[in-house]
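Engineer: Please find the sequence and the predicted model below.
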Amino acid sequence: MHIRENTVVLIDYRLTNDAEELIDSSDEHGPLGYIHGHGNIIPGLEQALEGRAVGDNFKASIEPSMAYGEKNPALTQTLPSSMFGGVDQIAVGMQFHAQTDHGVEVVTVTSVEAEQVTIDGNHPLAGQTLHFEVTVREVREAQAEEIEHGHVHGEHGHHH
């Protein structure tokens with residue numbers, strides 16, 4: 001069976017950046033399961049998987065436009081540290097939920113200087129070309145309930 005819309009796909013993967021630094025891998029948590037054609041993974045990887053079958057091994061480099069987008073400077077902001085009331089120690093890398101015009105967004109602290117905190121609302125991988133090494137482990141028809149719920153059920157998916 002080949003990967004197409006409404007198939008459940010399980011993949012092993014290794015994700016690196018341009019510097020060949022490991023960003024993520026399925027080594028520790030097992031294969032990634034998703035329903036093809038439902039926007040569960042980045043568009044560029046989904047496109048690279050289209051038509052593949054169990055046992056296929058491949059590499060794919062995904063440009064930012066087909067991954068997490070380009071970095072948007074408008075999503076970076078410097079705020080007074082007093083806006084982070086109730087947080088004793090603000091550190092680079094901390095993430096907070098912030099209310100925005102588009103709803104609640106996750107922002108990451110990128111700099112702390114004196115009484116100023118710089119936050120970034122971009123996805124941490126925005127602006128980066130992502131390099132995947134992928135092995136297709138399983139392809140099967142999605143069950144009606146999986147399609148309705150929008151995610152994989154069972155061992156490598158969500159349990160109800």
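Structural biologist: Now that the structure is in, tell me what you want to look at.
Engineer: so Y13 sits in a strand?
Structural biologist: Yes: per DSSP: H, G, I helix; E, B strand; the rest coil, Y13 lies within a strand segment.
Engineer: Helices of this structure, start to end?
Structural biologist: 43-49, 144-149 (DSSP state H).
Engineer: out of those helices, nearest to P73?
Structural biologist: Among these, the nearest to P73 by CB to CB is helix 43-49 (22.8 Å). For glycine as for every other residue, the C-beta is placed from the backbone atoms N, C-alpha and C.
Engineer: Would you mind identifying the helix or strand in the protein with the lowest mean pLDDT?
Structural biologist: In the chain, the helix or strand scored least confidently by mean pLDDT, DSSP states H and E is strand 95-100, which has a mean of 87.
Engineer: Which strands or helices does that strand pack on?
Structural biologist: When contacts are defined as 3 or more CB pairs under 8 Å, 6 or more residues apart in numbering; DSSP states H and E, strand 95-100 sits against strand 103-113.
Engineer: about what we covered before: hey, which of the helices of the chain is tucked in deepest?
Structural biologist: Comparing these by mean neighbour count (mean count of other CB atoms under 10 Å), helix 43-49 comes out on top with a mean of 18.
Engineer: same for that one, what does it pack against?
Structural biologist: Helices and strands touching helix 43-49, by 3+ CB pairs under 8 Å, 6+ apart, are strand 57-62, strand 130-141.
Engineer: The first one: partners in the sheet, and parallel or antiparallel?
Structural biologist: What it means is strand 57-62. Next to strand 57-62 in the sheet, as set by DSSP bridges, lie strand 130-141 (antiparallel).
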